[in-house]
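Student: Give me the fold of what follows.
(2 chains)
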There are 2 protein chains.
Amino acid sequence: MPNDEFMRAAIREAETGMRAGRGGPFGCVIVRRGEIVARGHNRVTSTNDPTAHAEVTAIRAACATLGTFQLPDCELYTSCEPCPMCLAAIYWARLPQVYYGNTRADAAAIGFDDDFIYRQIPLPPEQRAIPMASLLREEAQVAFREWTQLPAKIRY
Amino acid sequence: MPNDEFMRAAIREAETGMRAGRGGPFGCVIVRRGEIVARGHNRVTSTNDPTAHAEVTAIRAACATLGTFQLPDCELYTSCEPCPMCLAAIYWARLPQVYYGNTRADAAAIGFDDDFIYRQIPLPPEQRAIPMASLLREEAQVAFREWTQLPAKIRY
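Tutor: Residues are numbered from 1 along each chain as shown, chains lettered A, B, ... in the order given. Presented below is the predicted three-dimensional model:
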């Protein structure tokens, strides 16, 4: 059962990271047995790490906290549909459930156009093994709109 | 022009990591203007980080060293064909050229079977935008054979 509050926590992560100038408006939380065990937001530009997407950051934090390299008893809430890199990281981490707010198209609409990656690594939704559901998309879009209003943004 | 010595350096990274018990037999180097700027090997099990594949580790190190989040003037040499997560990370890092030693099938043959990920994120070779070529596969397989002889291995 998806929990709206966890998605709101992921959206808040997106806002926190964006407002602190750490990267794009993307946030993620990982939940285990009804509790958030890790949070993450995009830090690509501020840490010079192209792999520091919100989901990868949160997965790394959750694994560090729990002392494991697999998260089969956790769920991932992310403010935007995962890119292929993050989706593969989710598979490697053995996460069994994903909830996302904004869609890939929403991200493209604010300038995060990962079409070039999707063209390379096509991902038909019907082939996804992990249940993935959109949740609170309207609320998630608020952070995206705020991003478009920011005066200075590092593009990537 | 591929340089055999860089592939051998990637293979040595694989051996170093495997022999130190840090993870599977996978190594990578990133080259810029004829010089190695970063090295990485798999550290998944030893650092509890499912994203710490050799390529991701090397990309993060190269970006940290060069103070950038994109590597458009670098080449990546990896001892094994990149998995979908690493390939997407390579795309995000804007690396324009990849050389690999072992193939995906070679990895599956020693127990690193990422078929479940490939099934989810199909990657027809003809769709890859980045030139990718196999190099020194025979030499790269030596590290794989050594892995199969190790007495204690953490599976992942």
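Student: packing partners for the biggest helix by length in chain A?
Tutor: Secondary structure assigned by DSSP state H gives helix A:4-19 as the longest helix of chain A. When contacts are defined as 3 or more C-beta pairs under 8 Å, 6 or more residues apart in numbering or on different chains; DSSP states H and E, helix A:4-19 packs onto strand A:27-32, strand A:35-41, helix A:54-66, strand A:74-80, strand A:98-102, helix A:137-149. (Glycine included, C-beta is placed from N, CA and C.)
Student: Do me a favour and average the pLDDT over the shortest one.
Tutor: Same thing as strand A:98-102. Strand A:98-102 shows a mean pLDDT of 95 in the predicted model.
Student: Tell me the helix or strand right after that strand.
Tutor: helix A:104-109 (DSSP states H and E).
Student: who touches that next one?
Tutor: Helix A:104-109 is touched from outside by A:80, A:81, A:83, A:113, A:114, A:115, A:118, A:137, A:140, A:141, A:144, with contacts defined as C-beta atoms under 8 Å, 6 or more residues apart in numbering or on different chains.
Student: Make a PyMOL selection of the buried ones in those residues.
Tutor: Entered in PyMOL, the line below selects the buried ones among the contacts of helix A:104-109, by 16 or more other C-beta atoms under 10 Å in any protein chain shown:
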select buried, chain A and resi 80+81+83+114+118+137+140+141+144
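Student: Of the contacts of helix A:104-109, just say which sits nearest to residue B:40.
Tutor: Using C-beta to C-beta, residue A:83 is the member of these that lies nearest residue B:40, at 21.2 Å.
Student: Could you check how far the closest one is from residue B:89?
Tutor: Plainly put, residue A:83 is 10 Å away from residue B:89 if you go by C-beta to C-beta, to the nearest Å.
Student: Then residue A:80?
Tutor: Residue A:80 sits 18 Å away from residue B:89, taking C-beta to C-beta as the criterion.
Student: And the next helix or strand past the helix-or-strand element of chain A with minimal mean pLDDT?
Tutor: Considering only helices and strands, the least confidently modelled element of chain A by mean pLDDT, DSSP states H and E is helix A:115-120, at a mean of 70. Towards the C-terminus, the helix or strand next in line after helix A:115-120, according to DSSP H and E, is strand A:132-134.
Student: Pull up the pairing partners for that following strand, direction included.
Tutor: Using DSSP bridges, the neighbouring strands of strand A:132-134 in the sheet come out as strand A:98-102 (parallel).
Student: Need phi/psi at residue A:95.
Tutor: Residue A:95 adopts backbone torsions of phi -70, psi 130, taken as degrees, to the nearest 10.
Student: for it, what are its contacts?
Tutor: Taking C-beta under 8 Å, 6+ apart, we find residue A:95 in contact with A:30, A:59, A:71, A:72, A:74, A:75, A:76, A:130.
Student: So which of these reach chain B?
Tutor: With C-beta under 8 Å from any C-beta of the partner chain as the criterion, the members of the contacts of residue A:95 in contact with chain B are residue A:59.
Student: Spatially nearest residue to residue A:150 (excluding sequence neighbours)?
Tutor: Once its chain neighbours are removed from consideration, residue A:150 has its nearest residue in residue A:18; the separation is 7.2 Å (C-beta to C-beta, 6 or more residues apart in numbering or on different chains).
Student: contacting residues around the one you found?
Tutor: Residue A:18 makes contact with A:24, A:25, A:41, A:143, A:146, A:147, A:150 under the criterion C-beta under 8 Å, 6+ apart.
Student: One more: residue A:153?
Tutor: Contacts here follow C-beta under 8 Å, 6+ apart; on that basis residue A:153 touches residue A:147.
Student: Okay, it and chain B: tell me how far apart.
Tutor: 14 Å (C-beta to the nearest C-beta, to the nearest Å).
Student: Dihedrals phi and psi, that residue?
Tutor: Geometry field for residue A:153 lists phi and psi as phi -130, psi 130, criterion degrees, to the nearest 10.
Student: That one and residue B:24: what is the separation?
Tutor: Counting by C-beta to C-beta, the gap from residue A:153 to residue B:24 is 38 Å.
Student: next one: residue A:79
Tutor: When distance is defined by C-beta to C-beta, residue A:79 is 32 Å away from residue B:24.
Student: Also residue A:37?
Tutor: Using C-beta to C-beta, one obtains 26 Å as the distance from residue A:37 to residue B:24.
Student: Compare the two and say which one has the larger neighbour count.
Tutor: Neighbour tally, residue A:37 and residue B:24, criterion other C-beta atoms under 10 Å in any protein chain shown: the higher count belongs to residue B:24, 27 against 17.
Student: these two touch, right, the more buried one and residue B:46?
Tutor: No. Under the criterion of C-beta atoms under 8 Å, residue B:24 is not in contact with residue B:46, lying 10.6 Å apart.
Student: which residues touch the residue nearest the centre of chain A?
Tutor: In chain A, the residue lying closest to the centroid (C-alpha atoms, centre = their mean) is residue A:78, at 3.8 Å. If you count contacts by C-beta under 8 Å, 6+ apart, residue A:78 has them with A:10, A:26, A:27, A:28, A:54, A:55, A:58, A:86, A:98, A:99, A:100, A:101.
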